[in-house]
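Novice: Provide a 3D model corresponding to the input given below.
(one chain, ligands or ions: 1)
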Amino acid sequence: MPEPLEQLEVAILGGGPGGYVAALEVARRGASVVLVEKENLGGTCLNVGCIPTKVLTTSAELLSRARRGAEFGLSIPQADVDLPGLMACKEKTVEQLVAGVEQLLRARRVRIVRGTGRLARPGLLDVELGGGRRESIAARHVVLAPGSVAARPPIEGLDLPGVVFSTGALQIDRVPERFAVIGGGVIGMEFACIYEALGSRVTVLEAARTILPAGVDETIAQRLQSLLRRRGIDIRVGIDVKAIEATSDGLRVLTQGPDGALVVEADRVLVATGRWPNTDNLGLEECRLSQSGRFIAVDDRLATSLPGVWSIGDAVGGWMLAHKAMVEGRIVAENLTGGSRRVDHRAVPNVIFTRPEVAGVGLTESDARAAGADVKVTQFAFSANAKSRILGERDGVVRLVCEAGSGRVLGVHMLGPHATDLIAEGSLAVQAGVTADELAWTTHAHPTLPEAMLEAALGFRGAAIHMHSR
Ligand code: NAI
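Specialist: The predicted structure follows:
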C-alpha cells in the first residue's frame, strides 16, 4: 500500500530550477519537503546564468536599436551604456526573482536548509551548515539536483587576472577594448553579442568547424556565423587554444589554427568550453550510486540505481537547460508521490539569445536523415515577413523538417527576431505530432512574426503566399 502523502518526507539537494520546481510540486501534492541549498535559491540559472545574461542581452539589444533610431523615424542623440546602472538593473532583477522563489517555497511550507549536503546513504542526507554545525536529514525519498559547473579545459593560464568564466563575465566594471572568447558555443556566442553591443572588439576562438556545433541546425549556425562576421565579430574556427599569457597591457591567447599559429591579444578572456555535472563530493562513490562518466545515471522515471534516490537536471545529462530541469522536477515529483511518468524530451526547445536569436526543437535535417527518415525541409525567410520588416529585423529564417510523406513536423529551427519565443509553437507541433498542413490551416494573426511559421508550413506544398516559389 502506498504511504499516505502527508507522511511522506522528501529531501531535495539543490535549489536550482530542477530542485525548487520539484520541491514546489512535491509540496503541492501534500508531502513534506526539505530543500537543501548551499548558496542562493534559484541556482545557476537565476543567479549567474539565464536571468542575468538575459538582462544584459535585453539592454544590449535596446542599445543597438536606440542607435538605429533614425531608421524608425526617431531622433535619439546619444544612446550609451551606463555600466553601474546596467549592473544594478541585473542585480535587482535577480534579487526579485530569487526572493519570489523563496516566497513560493515558504508559502508551500517547504523547509529550506542552508548548507552543503551529501548523500550519507539512501534515505539520509548529511548537511554541513557552516561553523562546524551539521544536520542529518532523514527522508523516504532523496532527490539529487546539484546542477553543473563550468568546465576547465586543459589550457594554461586559466587563473590569470582578466580570464573569466561565465559568472565573471557577468560583472562588467569597464568595457574591455578587446574581448576574446574561447568556445563558440551557447555561452560564448551570447557573451560575444553582449560585449560587441557594449563596444568591445570581439574575437571568438572555436575548436569545431562552425560556431554552435552541438545540436543547432548546421545551415542556421553557418548563417549566424556569416551575419556576426559581417557585423565585425572576428570568428575563428578550427582553433586549438594552447595557453593564455599575461602581457604588459593585457592578455595574449596562443592558438594553433588551420593556417598555423595565431595569437590573439585581449583585455578580457572568457572561457566557455562547456559545463560539467556538479557531482564531486556528493557521496556518490561511497554510496555506490551508478554514474555514467561524471553524470548520475537514471532510468526514464529519473530513479537512480539506489532505492528512493532520484536525480534531475544538468547532473543527469542530456540538454543542460533550465526548462529541461524544470520538467524533470515535475516528473520526479509525480513519480515519488506514486505516479509513473516517463521522461519524454523529444520536444525540448534549444534557445540561444544571440542577436539575432537562434532556436530549435526536435530533429535537425541531418539528424533526421541519419535516422533514416525520408525528409522534406520547407523554409521561409523573415525578410518576407511584414512584422519583421516593421521591426527592422530582416535577417533570419524558419526551417521546418517534415516527414516527406505525411508532412509530420519532426523539427523546427529558426534564426531571427524573437526566435526564442516563436519556438513555442514548434515545441507544440513536435510534441503533438502536428503536420505541416495542420499548421498551415491554423490561422495566424497578421502582422506577426509567427506568420513566418505559417508560411514555412504552406511551403511544404509549395503554397507559400508571400514568397515566389517555382
Ligand atoms: P557548449 O557546449 O554550448 O559550447 C562549448 C563550445 O566550446 C563548443 O562549441 C566546443 O566546440 C568549444 N570548445 C570546447 N573546448 C574548446 C577549446 N579548448 N577551444 C576552443 N573551443 C572549445 O557549452 P557552453 O557554451 O559553455 O554552455 C554550457 C551549457 O550551458 C550548454 O549546455 C548550454 O546549453 C547551457 N546554456 C544554455 C543557455 C540558453 O539556453 N540560452 C545559455 C547559456 C548556457
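Novice: check contacts around the residue of the stretch 51-200 of the chain found nearest the ligand.
Specialist: Sorted by distance to the ligand under CB to the nearest ligand atom, the residues of the stretch 51-200 of the chain start with residue 185, at 1.7 Å. The way it works is simple: take the backbone N, C-alpha and C, and place the C-beta from them, glycine included. By CB atoms under 8 Å, 6 or more residues apart in numbering, the contact set of residue 185 is 206, 211, 212, 213, 214, 272, 273, 274.
Novice: quick one: the third one and residue 188 touch, right?
Specialist: When you say that, I think you mean residue 212. No: using CB atoms under 8 Å, residue 212 is not in contact with residue 188; the gap is 9.0 Å.
Novice: and the residue of the stretch 51-200 of the chain closest to the ligand, how far is that from residue 99?
Specialist: Residue 185 sits 31 Å away from residue 99, going by CB to CB, to the nearest Å.
Novice: Report the secondary structure state of the closest residue to residue 333 other than its chain neighbours.
Specialist: Of all residues not flanking residue 333 in the chain, residue 25 sits nearest, at 3.6 Å (CB to CB, 6 or more residues apart in numbering). Under DSSP: H, G, I helix; E, B strand; the rest coil, residue 25 falls in the helix class.
Novice: you'd agree residue 25 is up against residue 329?
Specialist: Yes: judged on CB under 8 Å, residue 25 makes contact with residue 329 at a distance of 6.4 Å.
Novice: Of these two, give the one with the bigger neighbour count.
Specialist: residue 329 (27 against 20; other CB atoms under 10 Å).
Novice: where's that one, which helix or strand?
Specialist: Assigned by DSSP states H and E, residue 329 belongs to helix 322-336.
Novice: Give me the contact list for that helix.
Specialist: When contacts are defined by CB under 8 Å, 6+ apart, helix 322-336 is touched by residues 8, 10, 16-23, 25-26, 28-29, 31, 45, 49-50, 141, 143, 145, 147, 301-303, 310, 312-314, 316, 318, 341-343, 345, 348-349.
Novice: Identify those among those residues that sit within helices.
Specialist: 17, 18, 19, 20, 21, 22, 23, 25, 26, 28, 45, 50 (DSSP state H).
Novice: Leaving out the residues flanking it, which one is nearest to the most centrally placed residue in the chain?
Specialist: Of all residues in the chain, the one closest to the mean position by CA atoms, centre = their mean is residue 321, 4.5 Å from it. Spatial nearest neighbour of residue 321, excluding adjacent residues (CB to CB, 6+ apart): residue 348 at 6.7 Å.
Novice: Can you give me every residue that contacts that neighbour?
Specialist: Listed by CB under 8 Å, 6+ apart, the contact partners of residue 348 are 318, 319, 321, 323, 324, 327, 361, 427.
Novice: can I get those in a markdown table with pLDDT?
Specialist: Putting the contacts of residue 348 into a markdown table (pLDDT from 0 to 100) gives the following:
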| residue | pLDDT |
| --- | --- |
| 318 | 96 |
| 319 | 96 |
| 321 | 98 |
| 323 | 98 |
| 324 | 98 |
| 327 | 98 |
| 361 | 98 |
| 427 | 98 |
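Novice: Tell me the most packed of those, by neighbour count.
Specialist: For those, neighbours were counted using other CB under 10 Å, and residue 361 has the most, 25 neighbours in all.
Novice: That one pairs with what?
Specialist: residue 412 (DSSP bridges).
Novice: State the distance from it to residue 454.
Specialist: According to CB to CB, residue 361 and residue 454 sit 17 Å apart.
Novice: cool, residue 37 as well?
Specialist: Where residue 454 is concerned, residue 37 sits at a distance of 44 Å (CB to CB).
Novice: again with residue 308
Specialist: 48 Å.
Novice: Specify which residue of those two has the higher count of neighbours.
Specialist: Neighbours around residue 308 and residue 454, counted as other CB under 10 Å, are more numerous at residue 454. The numbers are 25 against 15.
Novice: Once you drop chain neighbours, what's closest to the more buried one?
Specialist: Nearest to residue 454 is residue 444, by CB to CB, 6+ apart, at 4.3 Å.
Novice: Assign that neighbour to helix, strand or coil.
Specialist: From three-state DSSP, the assignment for residue 444 is coil.
Novice: Residue 464 against residue 455, yeah?
Specialist: Yes: with contact defined as CB under 8 Å, residue 464 reaches residue 455; the gap is 4.8 Å.
Novice: In terms of neighbours, single out the busier of the two.
Specialist: Ranked by neighbour count (other CB under 10 Å), residue 464 and residue 455 place residue 455 first, with 24 against 20.
Novice: which secondary structure element contains the more buried one?
Specialist: Assigned by DSSP H and E, residue 455 belongs to helix 451-458.
Novice: same deal with residue 395?
Specialist: Per DSSP H and E, there is no helix or strand for residue 395.
Novice: gap between it and the ligand?
Specialist: To the ligand, residue 395 is 19 Å away according to CB to the nearest ligand atom, to the nearest Å.
Novice: burial of that residue, as a residue count?
Specialist: Using other CB under 10 Å, the number of residues around residue 395 comes to 19.
Novice: try the one 4 residues further on
Specialist: By other CB under 10 Å, 21 other residues sit near residue 399.
Novice: so it sits right up against residue 219, yeah?
Specialist: Yes: if you go by CB under 8 Å, residue 399 and residue 219 touch, sitting 7.1 Å apart.
Novice: any residues in contact with both of the two?
Specialist: residue 365.
Novice: Helix, strand or coil: sort out residue 195 for me.
Specialist: Assigned with three-state DSSP, residue 195 falls in the helix class.
Novice: I figured it hits residue 177, correct?
Specialist: No: counting by CB under 8 Å, no contact exists between residue 195 and residue 177, whose distance comes to 10.4 Å.
Novice: Show me which of the two is the more surrounded one.
Specialist: Between residue 195 and residue 177, counting by other CB under 10 Å, residue 195 is the more crowded of the two (25 against 14).
Novice: Excluding covalently adjacent residues, which one is nearest to the more buried one?
Specialist: With CB to CB, 6+ apart as the criterion, residue 195 has its nearest non-adjacent residue at 4.4 Å, and that residue is residue 179.
Novice: Quick one: residues contacting the one you found.
Specialist: Contacts here follow CB under 8 Å, 6+ apart; on that basis residue 179 touches 192, 195, 200, 201, 202, 203, 266, 267, 268, 269, 270.
Novice: Overlap in contacts, residue 464 and residue 455.
Specialist: In contact with both residue 464 and residue 455: residue 380, using CB under 8 Å, 6+ apart.
Novice: in the stretch 1-150 of the chain, which segments are predicted with low confidence?
Specialist: 1-7 (pLDDT under 70).
Novice: ok, now with 80
Specialist: 1-8 (pLDDT under 80).
Novice: Which parts of it are strands?
Specialist: Ranges of strands in the stretch 1-150 of the chain, per DSSP state E, counting those that start in this stretch, are 9-13, 32-37, 111-114, 116-121, 124-130, 133-138, 141-144, 148-150.
Novice: Mutual contacts of residue 212 and residue 188, please.
Specialist: Residues touching both residue 212 and residue 188 by CB under 8 Å, 6+ apart: none at all.
Novice: rewinding a little: show me how far the helix holding residue 455 is from its chain's centre.
Specialist: How far helix 451-458 lies from its chain's middle: 26 Å, per CA atoms, centre = their mean, to the nearest Å.
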